[in-house]
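Enquirer: Generate coordinates for the sequence data below:
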Amino acid sequence: MNITEIKQLLEAEVPLILQESPGFKEWLQDFIRRQTISRESFDERFDRVLNELAADRENQRRHWDEQELKWAEQSRKWDENNQKWVEQNRKWDELRDEDSKKWEEQNRKWDELRDEDSKKWEEQNRKWDELRDEDSKKWEEQNRKWDEQNRKWDETLKEIRSIKTKSEQGIGALGARWGIASEASFRAALKGILEDSFGVQVLNVNEFDDEGIVFGRPDQVELDIILMNGMLILCELKSSMSKGDMYIFERKVRYYEKRHHRIADRRIVVSPMVDAKAKEVAKTLGIEIFSYSEDVTGLV
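Expert: Reported below is the predicted structural model:
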């Protein structure tokens, strides 16, 4: 059922209901009265609304007036600040212009100094070039002299080396002969000192080692022997003693002890020159070392 049908139904039925039901008529009248506004009441409400609107408009106008005053004050402050900024910018422009002039003047002076220094450097470089060329010529001349001198030194050194080689060969031969003579002198000195002064017997033994104990193959073995009060002392007299010589002497001692079935009481080496490594070997093997034949007097 739509609105039109409802209206039609009410129009047809309401009059009948009002006739038949007085109570419904009263209720309907009261309902209509409560829903309907009288003219007096409407005027009052309308005036009240108008007054409220007027008061709101007055408040709004007063608020805008206050706001305009604030904006005016703010605009005044902005104008003052803008004026200050304009003045400050003017001063900055003046300072910038003044600094710009100072920098331009300073740059002009620097340019003048740079040009002056550049001329000085060019002149200095020209002098240095002249000095360098002069020094280069001097060095070339000096190097030529040095080359000539080195050539002469090379020739002199060759002559010296040749003389040295010949001298070393001569000295070597002389040294060999001197060594043999020195050993003979040591032996004679030892024999003279011990036999004449202390009454001991000194023997020089030269035997053949057919088993090769000393040299690894059969060969002659020479030893000096001192006999004193039944004591056997085996000696080695040499102008110099190396590490190998010390080991050979130790093998000579073992050869003699084995051949003659007698243990040496002491083993000594008499030599003016004993290698440091030979001394270490002698210490290990229990061999005594004397640098001079006179030192052997300490034996008695």
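Enquirer: so which helix or strand takes in residue 113?
Expert: helix 39-198 (DSSP states H and E).
Enquirer: What mean pLDDT does that helix get?
Expert: Predicted confidence along helix 39-198 averages 76 (mean pLDDT).
Enquirer: and the helix or strand that it is followed by, how far out from the chain's middle?
Expert: Counting by DSSP H and E, the next helix or strand C-terminal to helix 39-198 is strand 201-209. Distance of strand 201-209 from the chain centroid (CA atoms, centre = their mean, to the nearest Å) equals 70 Å.
Enquirer: Ok, stretch 221-228 next?
Expert: 68 Å.
Enquirer: And that stretch, what's buried?
Expert: Neighbour-count burial for stretch 221-228, counted by 16 or more other CB atoms under 10 Å, picks out 221, 223-226, 228. Backbone N, C-alpha and C define where each C-beta goes, glycine included.
Enquirer: Mind putting these into TSV with secondary structure and pLDDT?
Expert: Formatted as TSV, the buried residues of stretch 221-228 follow (DSSP: H, G, I helix; E, B strand; the rest coil; pLDDT from 0 to 100):
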residue	secondary structure	pLDDT
221	strand	91
223	strand	89
224	strand	86
225	strand	85
226	strand	83
228	strand	76
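Enquirer: Among these, which pair sits farthest apart?
Expert: Farthest apart among the buried residues of stretch 221-228 by CB to CB are 221 and 228. That separation is 22.1 Å.
Enquirer: right, and the helix or strand after the helix or strand residue 251 falls within?
Expert: Taking DSSP H and E as the criterion, residue 251 maps to helix 243-260. Using DSSP H and E, the helix or strand that directly follows helix 243-260 along the chain is strand 266-270.
Enquirer: Just the buried residues of that following strand, please?
Expert: 267-270.
Enquirer: Can I get that strand in PDB? Just the C-alpha atoms.
Expert: The C-alpha trace of strand 266-270 is given here as PDB (Å, rounded to 0.1, in the frame of the first residue of the first chain):
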ATOM      1  CA  ARG A 266     150.900 -36.500  28.800                       C
ATOM      2  CA  ARG A 267     150.300 -35.200  25.300                       C
ATOM      3  CA  ILE A 268     151.600 -31.700  24.500                       C
ATOM      4  CA  VAL A 269     151.800 -29.400  21.500                       C
ATOM      5  CA  VAL A 270     154.400 -26.700  21.200                       C
END
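Enquirer: Measure how that strand sits relative to helix 243-260, angle-wise.
Expert: Relative orientation of strand 266-270 versus helix 243-260 (axes from the mean of the first three to the mean of the last three CA atoms, to 10 degrees): 140 degrees.
Enquirer: How about residues contacting the next helix or strand along the chain from strand 266-270?
Expert: The element immediately downstream of strand 266-270 (helix or strand, assigned by DSSP H and E) is strand 273-274. Residues outside strand 273-274 that contact it (CB atoms under 8 Å, 6 or more residues apart in numbering): 239-241, 282, 289, 291.
Enquirer: So what angle separates the directions of the helix or strand that strand 273-274 is followed by and helix 243-260?
Expert: Going down the chain from strand 273-274, the next helix or strand is helix 276-285, by DSSP H and E. Put simply, helix 276-285 runs at 30 degrees to helix 243-260, going by the same axes, to 10 degrees.
Enquirer: same for helix 276-285, what does it pack against?
Expert: helix 243-260, strand 288-290 (3 or more CB pairs under 8 Å, 6 or more residues apart in numbering; DSSP states H and E).
Enquirer: Other residues contacting that helix?
Expert: Outside helix 276-285, the residues touching it (CB under 8 Å, 6+ apart) are 241-243, 245-247, 250, 267, 269, 274, 287-289.
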